[in-house]
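J.: predicted model and sequence follow; I will ask about them next.
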Amino acid sequence: MVKALAGGDETEYALSYEGEDYSGEDNNNLFHIINDQNGRNIIQGETQDFIIGSNIRKEYLLKASIDEGFSREFERFNAKLKGTFGIKKKEFSLKSSINNKEVSEYISDLANSKSKGKGIDKTQFCEILSSLPKTEPPEYDDKKLNFLISDLNNKTSLIKVIKTLTDIEKTDSLQKIEENTDAIKLLKKYEEMPECIVCDHEINQETLLDKKIDSKSERIKALNDATKAISNVISNTTEENDPFGIKKTSLSALKNGDINEILILQEEFNNYTEIHEALIYELFKEFLTQKQLIEDLKEYTKLTQEDPKLTDEDVLLIKTFINETIEKEIRLDRTEDNTILLTLSGKEILNQGRDDLHLSNGEQNFISIIFELLKAKNSDKEIIILDDPISSFDSIFKNKIAFSIIKFLEKKKQIIFTHNTDLIQLLEHQYQGCFTLYQLNNKDGEENGLIPITKKEQKLLIYLTKLVDFFRKDVSPELVNEKEFLISVIPFMRGYASLIGDKESKKKLTSLMHGYNNETHDVSQLYTTLFKPTFTLNTLPISAQNIISTSAPCEEIIDTNSYPLLNRTLRHLLTYLKLRLSVEKKLVDKFDDIDPTIHKMLTQIITQAFGGNSESDKAARIFLLSRKTLLNEFNHFDTNMSIFQPAIDITETMLEKEKNDIEVFLKKL
């Protein structure tokens, strides 16, 4: 059932809840699942799923808001750095021109595809940006700025060449070289024409082309290094892609032999480099308009300077439970990045495997269910599903778990699945009337689904005193088959006799519960002695042999309309008792080496009868020792006085199968 509600593989369900229809496809909108101990190997989640103390909760909310805010702003920075400034990786051409080294590193971190700002200290980031000088945004020419950024990102940067020049020689060679370059282009373009395209005179195209090429080559060879560098700049520049007028300025400077023209151009490059830096700063200073984000960061920083403390009542309660129960300390520790971790004896507890926690199975199961309850309290799901939450726990653990279910989930709607009546009793004793009880059945040929347990039976199931009072006062008008009722409650009466210290009644009832005995006792008299009923019962002298020879239980021992679960329980108890007595009698009669004065218990009798190592002995021994109907502890009620447990433990179909299997085994024997 829990697997289906959890949306497990090969399961499905459909239900209506508060006017809405739900199915397995949308279960996450309705159910928060707490699995049984086998499904709780790891306490999964984050610290904030469990801790809801005001400061800690606020700290986590602030951190989440801050992380989201910075991530959003860093994405915006990154897009602007790429689109406007051409910065696409952590190393960029104008990095050295950013005089504020911290900002320069921020740009590298943001442009780094692996980091994307994760390496930035947020508090320092805000402090650095606040320290940037307040300036008016500079006026500039977009084309010139874009050219500067684009050119400096090229390996063959024109600007870098110009900025290296410190002196030039006066020459018109570049003009001549430029003329030769233009002539060569024209001659190659119109090499098939016999006349000059300018003067229409007949020319030798090939000869003239060679002449121009040679002239250009000779002039280039004659240039000094600086002039050659300028020549390369000019040859790679056109008026369309030259907003700074680099070509025109370079030719003029060489023609006049005036380095000042180059220096003026260099100064303009420097100005635009500074404009680039100023615009970078303006981009980053835009972050300072995010006042709420900055205030949140300040508050978060203040909170993280304090030691985290467990302040929430529920968590303090868990701490006490754990300290008292398993003598280990649970606390909060802060990591270097200010993440708060739940630790147990100094070791992280969440998302850790069983072996890593160094706990016993009982301790781990206890801690995991307690924290799962705390997480469920903080869940936004409508209904909490708990699967057998106290299975395999001792009484101390069970008590605390039951209390925690009530304490943590008091404002939640819950569905609890359990085979254990202890949990039902604990919940009722700690918070009376806190639940409605159902029996879940899912077996072909039986009544299936969630079968309501009546309030009357619920009280009998939970309170032993009310069950005894019922046997003392109210059972009489409900009896349909008095004889079978008296026989079926023999095991319970034996347990009750032991409870009240009536050794004589216990001895007589014990003799009726062993198939090798022949003693006869009046069961109605024993019932009267123990319960002192307000009504009279018919005399019923009976022995174990009489019980063995009785037919199968009738369908109705007690009124099924008023007490359906109790009727089923009595029928089960009668079946258990008859089978147990039949097996004991058969084995004692068949095997001479079984001495009932020595081998009193059924387990001893089975082991003595089939104690050999042969395959047949092993098979017989395993068959009998594995039967639930034979070895169920509630046949004697010495350790638990819950009369209803046998009806909860086994379905009608399974009981019938076991009964038939045992009867077939005995016939073959």
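T.: Received it, and whenever you're ready, just let me know what you need.
J.: now do the strands in this protein.
T.: 14-17, 20-23, 31-34, 330-334, 340-344, 347-348, 383-387, 413-417, 438-441, 449-452, 520-522, 541-543 (DSSP state E).
J.: buried residues in stretch 380-394?
T.: By 16 or more other C-beta atoms under 10 Å, the buried positions in stretch 380-394 come out as 381, 383, 384, 385, 386, 387, 388, 389, 390, 391, 393. Any C-beta I mention is one placed from the backbone N, CA and C, and that applies to glycine too.
J.: surely the fifth one and residue 420 touch.
T.: Right, residue 386. No. The pair residue 386 / residue 420 is not scored as a contact, 11.9 Å apart, by C-beta atoms under 8 Å.
J.: how close does the closest residue to residue 148 other than its chain neighbours get to residue 576?
T.: Once flanking residues are discounted, residue 148 sits nearest to residue 272: 4.8 Å by C-beta to C-beta, 6 or more residues apart in numbering. To residue 576, residue 272 is 97 Å away according to C-beta to C-beta, to the nearest Å.
J.: again, but for residue 209
T.: 117 Å.
J.: more neighbours: the two, which one.
T.: Using other C-beta atoms under 10 Å as the criterion, residue 209 and residue 576 rank with residue 576 on top: 25 against 17.
J.: wait, doesn't that one sit right on residue 631?
T.: No. Contact criterion C-beta under 8 Å: residue 576 and residue 631 do not qualify, at 9.9 Å.
J.: for the closest residue to residue 533 other than its chain neighbours, grab the count of nearby residues.
T.: Spatial nearest neighbour of residue 533, excluding adjacent residues (C-beta to C-beta, 6+ apart): residue 472 at 5.2 Å. Other residues lying near residue 472 total 16 when counted by other C-beta under 10 Å.
J.: what of residue 229?
T.: With other C-beta under 10 Å as criterion, residue 229 counts 19.
J.: dump the residue contacts of it.
T.: Residue 229 sits next to 161, 164, 165 when contact means C-beta atoms under 8 Å, 6 or more residues apart in numbering.
J.: pLDDT at it, what is it?
T.: On pLDDT, residue 229 comes in at 70.
J.: also residue 158?
T.: On the pLDDT scale, residue 158 gets 84.
J.: hang on, it packs against residue 246?
T.: Yes. The pair residue 158 and residue 246 passes the contact test of C-beta under 8 Å, sitting 5.8 Å apart.
J.: which ones are touching residue 166?
T.: Listed by C-beta under 8 Å, 6+ apart, the contact set of residue 166 reads residue 259.
J.: what about the helices in the stretch 451-600 of the chain?
T.: In the stretch 451-600 of the chain, helices defined by DSSP state H, counting those that start in this stretch lie at 455-462, 464-469, 482-488, 490-500, 503-511, 523-531, 544-549, 564-590, listed in chain order.
J.: for the nearest residue to residue 428 once chain neighbours are set aside, what are its contacts?
T.: In space, and not counting its chain neighbours, residue 428 is closest to residue 462: 4.6 Å by C-beta to C-beta, 6+ apart. If you count contacts by C-beta under 8 Å, 6+ apart, residue 462 has them with 424, 425, 428, 429.
J.: again with residue 23
T.: So residue 23 contacts 12, 13, 14, 15 (C-beta under 8 Å, 6+ apart).
J.: turn these into TSV, columns for neighbour count.
T.: TSV is the format used below for those (neighbours: other C-beta atoms under 10 Å):
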residue	neighbour count
12	10
13	12
14	9
15	12
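J.: most widely separated two among the residues you listed?
T.: Across the contacts of residue 23, no pair lies farther apart than 12 and 15, at 11.0 Å, counting by C-beta to C-beta.
J.: the residue nearest to residue 148 reaches residue 138, doesn't it?
T.: No. The criterion here is C-beta under 8 Å, and residue 272 misses it with residue 138 at 9.5 Å.
J.: point out where the stretch 201-350 of the chain drops to low pLDDT.
T.: Within the stretch 201-350 of the chain, the stretches with pLDDT under 70 are 201-202, 204-205, 218-226, 228, 231, 234-239, 308-312.
J.: can you give me the helices in it?
T.: Secondary structure of the stretch 201-350 of the chain (DSSP H, counting those that start in this stretch): helices located at 205-222, 225-235, 246-256, 259-285, 291-304, 313-326.
J.: against residue 290, how distant is residue 282?
T.: 15 Å.
J.: same check on residue 502?
T.: 81 Å.
J.: do residue 20 as well
T.: Distance from residue 20 to residue 290, by C-beta to C-beta: 41 Å.
J.: who has more neighbours out of these two?
T.: residue 290 (16 against 11).
J.: got the phi/psi numbers for the more buried one?
T.: phi -80, psi 70 (degrees, to the nearest 10).
J.: what separates stretch 96-109 from the chain centre, distance-wise?
T.: Here stretch 96-109 is found 40 Å from its chain centre; the criterion is C-alpha atoms, centre = their mean, to the nearest Å.
J.: so which bits of it are buried?
T.: Buried, per 16+ other C-beta under 10 Å, within stretch 96-109: 98, 100, 102, 103, 104, 105, 106, 107, 108, 109.
J.: need the CA coordinates for that stretch. PDB is fine.
T.: Written as PDB, here are the backbone C-alpha positions of stretch 96-109 (Å, rounded to 0.1, in the frame of the first residue of the first chain):
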ATOM      1  CA  SER A  96      46.000  45.100 -17.700                       C
ATOM      2  CA  SER A  97      44.200  48.400 -18.300                       C
ATOM      3  CA  ILE A  98      41.700  47.700 -15.400                       C
ATOM      4  CA  ASN A  99      43.700  49.400 -12.700                       C
ATOM      5  CA  ASN A 100      41.500  48.000  -9.900                       C
ATOM      6  CA  LYS A 101      43.000  44.500  -9.600                       C
ATOM      7  CA  GLU A 102      40.000  43.100  -7.700                       C
ATOM      8  CA  VAL A 103      37.600  44.200 -10.400                       C
ATOM      9  CA  SER A 104      40.000  42.700 -13.000                       C
ATOM     10  CA  GLU A 105      39.900  39.400 -11.200                       C
ATOM     11  CA  TYR A 106      36.100  39.600 -10.900                       C
ATOM     12  CA  ILE A 107      35.900  39.900 -14.700                       C
ATOM     13  CA  SER A 108      38.100  36.900 -15.100                       C
ATOM     14  CA  ASP A 109      36.100  34.900 -12.700                       C
END
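J.: among the contacts of residue 23, pick out the one closest to residue 183, please.
T.: Closest to residue 183, out of all of those and judged by C-beta to C-beta, is residue 12, at 85.7 Å.
J.: hmm, back to that, which one of the helices of the stretch 201-350 of the chain is the most hemmed in?
T.: helix 246-256 (a mean of 19; mean count of other C-beta atoms under 10 Å).
J.: okay, the angle between it and helix 259-285?
T.: Per axes from the mean of the first three to the mean of the last three C-alpha atoms, to 10 degrees, the angle that helix 246-256 makes with helix 259-285 is 150 degrees.
J.: longest helix of this structure?
T.: helix 54-83 (DSSP state H).
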